[in-house]
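> Need a 3D model of the following:
(one chain, ligands or ions: 2)
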Amino acid sequence: MSFARVEEVFKLNEGERVRLRGWVYNARVQGGLAFIDLRDSTGIVQVTIKKHELKNPPFESIVNELKREASLSLEGYVRHDPRAPNGVEILCESLEIIGKSEEYPIRKGVGTKFLLDHRHLYLRRQKFQAVLKIREKAVEAAEEWFRMNGFHLVHCPSFVIAACEGGATLFNVDYFGKVVHLTQSSQLYLEAAIFGLEKVYTIQPSFRAEKSKTKKHLTEFWHIEAEVAFATHEDIMNYEEDLVSYIVNKVVDESQKELELLGRQFEKPKRPFLRLTYAQAVELVNKKGIKMNFGDDFGTDAEKLIANSIDRPAFVMFFPVSTRAFYHMPNPEDPNLTLSSDLYAPGEGEITSGGQRIHDLDLLLRRLKEYNLNPEDYKWYIDLRRYGSVPHAGFGLGLERLVKWITGVNHIRNTVPFPRTPFRVYP
Ligand code: 4AD
Ligand code: MG
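Residues are numbered from 1 along each chain as shown. Ligands and ions are numbered 1, 2, ... in the order given. Modelled structure (predicted):
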């Protein structure tokens, strides 16, 4: 008889035989009786061991090994019992300890730092697994959406020379005696790829040497990025809205069990998404008492304020040149502004940035100078404007920001198995 998964036993009939394997989530021994909550990747089921019904091995020989996180395999039969969690228990007839467990260090009351130091064990927590399953579902949905919409997958390098998002957040790496950087965004490479493949995307890590301690920044995050030839800023907002809606709808439809486990009531966002200009957003922020000037970027408080005043995702459009990286296309109606936007998730804040890129050679050369960037480092990128340049646009969506929004976890580090933050690269 092959091993069943825990989730399957709840569909079995009274008396059906079953083999299971997994880990002890919890164990209680009372005289000749032991109750184990056995967990595998699909759920938790109660296993009852009665001394006289355990055929093999003798009860006494295993009773002291039934410790939290011990791994075991067992055989028994299904009993429907309304007192058991979800109405089912397994009456155990034989059991084998596969791996003993020492005193499990994660206990009620241990602090956040302890849990982060033991992230390699914390991964066993059911609620955390629910978040990881939702994250997986979001990636699956994104890949599906790109495929359905004619995008090609292009993998980009992680070691780079040309910075995409400015010098302040660049990681330096000793590359055989030469200093290179970890990529902040695959955008520049995706721009090169559109001249062959037209609609391209990637899902891969980006790195930011962001030393700020916030609940929404990682030093390494997974970046969902797309770039489209002949697309305008307007086109790219429409793509973003469609992609984000698709992902969120799929998670709500297919990860209900996980959302319930997290106690998360999450509703599919209404469409169309809201659209407000940067100027309107600044006005809103100022009206609600946070002082900022036209030309400033939104700080943490301002971002929160905007996020809390929307009932569905909202684009903030046309950021001033002063707030954006060198590659942004000026708005023809006001060259101090750019054809760019951030998508805000309600209650969460920025989850994407995107817009139209400069495709004119002379303007790009001027901008590189204004931003004090070395044209030598960008030679290949400049080249793209020499051979059949076309208007184009793209965006980047932070996977962890998206998952944080959907799951409602309190910190971005809880959306990723092994978070990388300014003060943590262990485990
Ligand atoms: O806004 P960002 O910096 O934009 C870019 O990198 C563009 N080059 C993307 C593009 O157009 N292809 O980053 C895009 C998104 C942000 O909106 C946010 O969701 C996420 O990436 N992000 C981070 N997520 C976690 N930790 C960080 N330190 C992040 N920095 C950006
Ligand atoms: Mg941004």
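> Spell out which residues of the stretch 101-250 of the chain are next to ligand 1.
The interface of the stretch 101-250 of the chain toward ligand 1, taken as C-beta under 6 Å from any ligand atom, is made up of 164, 165, 184, 185, 187, 208, 210, 217, 218, 221, 223, 225. Quick note: C-beta positions are derived from backbone N, CA and C, even for glycine.
> Just confirm the last one contacts residue 186, I think it does.
Yes. Judged on C-beta atoms under 8 Å, residue 225 makes contact with residue 186 at a distance of 5.2 Å.
> between the two, what contacts are shared?
Residues touching both residue 225 and residue 186 by C-beta atoms under 8 Å, 6 or more residues apart in numbering: residue 202.
> more crowded one of these two?
Neighbours were tallied for residue 225 and for residue 186 using other C-beta atoms under 10 Å; the higher tally belongs to residue 186 (29 against 24).
> Next to ligand 1 in this structure, residues from the stretch 251-400 of the chain, please.
350, 351, 352, 353, 354, 394, 395, 396, 398, 400.
> pLDDT score assigned to residue 245?
Here the pLDDT value assigned to residue 245 is 98.
> Doesn't it lie inside a strand?
No. If the criterion is DSSP: H, G, I helix; E, B strand; the rest coil, then residue 245 is helix and not within a strand.
> Surely it touches residue 271?
Yes. The pair residue 245 and residue 271 qualifies as a contact (C-beta under 8 Å) at a distance of 6.1 Å.
> between these two, who's got more neighbours?
Legend: neighbour count by other C-beta under 10 Å for residue 245 and residue 271, higher for residue 245 (18 against 11).
> ok, now how distant is that one from ligand 1?
Between residue 245 and ligand 1 the computed distance is 17 Å (C-beta to the nearest ligand atom, to the nearest Å).
> What residues does that residue make contact with?
Counting by C-beta under 8 Å, 6+ apart, residue 245 touches 268, 269, 271.
> Nearest to residue 111 among these?
Proximity of these to residue 111 (C-beta to C-beta) peaks at residue 269, which lies at 35.3 Å.
> Quick check: the farthest pair among the residues of the stretch 251-400 of the chain next to ligand 1?
394 and 400 (19.5 Å).
> quick one: the strands in the stretch 151-300 of the chain?
152-153, 159-160, 172-175, 178-182, 199-207, 220-229, 274-277 (DSSP state E, counting those that start in this stretch).
> helices or strands next to the third one in the packing?
Going back to what we said before, that points to strand 172-175. strand 178-182 (3 or more C-beta pairs under 8 Å, 6 or more residues apart in numbering; DSSP states H and E).
> Neighbours of residue 244, how many?
The burial count for residue 244: 25, using other C-beta under 10 Å.
> Name the nearest residue to it, sequence neighbours excluded.
Leaving aside its sequence neighbours, residue 244 sits nearest to residue 313 (C-beta to C-beta, 6 or more residues apart in numbering; 6.4 Å).
> what does residue 388 give?
Nearest to residue 388 is residue 195, by C-beta to C-beta, 6+ apart, at 7.0 Å.
> And the helices in the stretch 151-300 of the chain?
Using DSSP state H, counting those that start in this stretch, the helices found in the stretch 151-300 of the chain span residues 187-197, 233-254, 256-261, 278-287, 300-308.
> Mind jotting down where the helices sit in the stretch 301-427 of the chain?
361-370, 379-383, 399-407.
> hmm, who's touching the shortest one?
Taking contacts as C-beta under 8 Å, 6+ apart, the residues outside helix 379-383 that touch it are 162, 188, 191, 192, 361, 364, 365, 368, 375.
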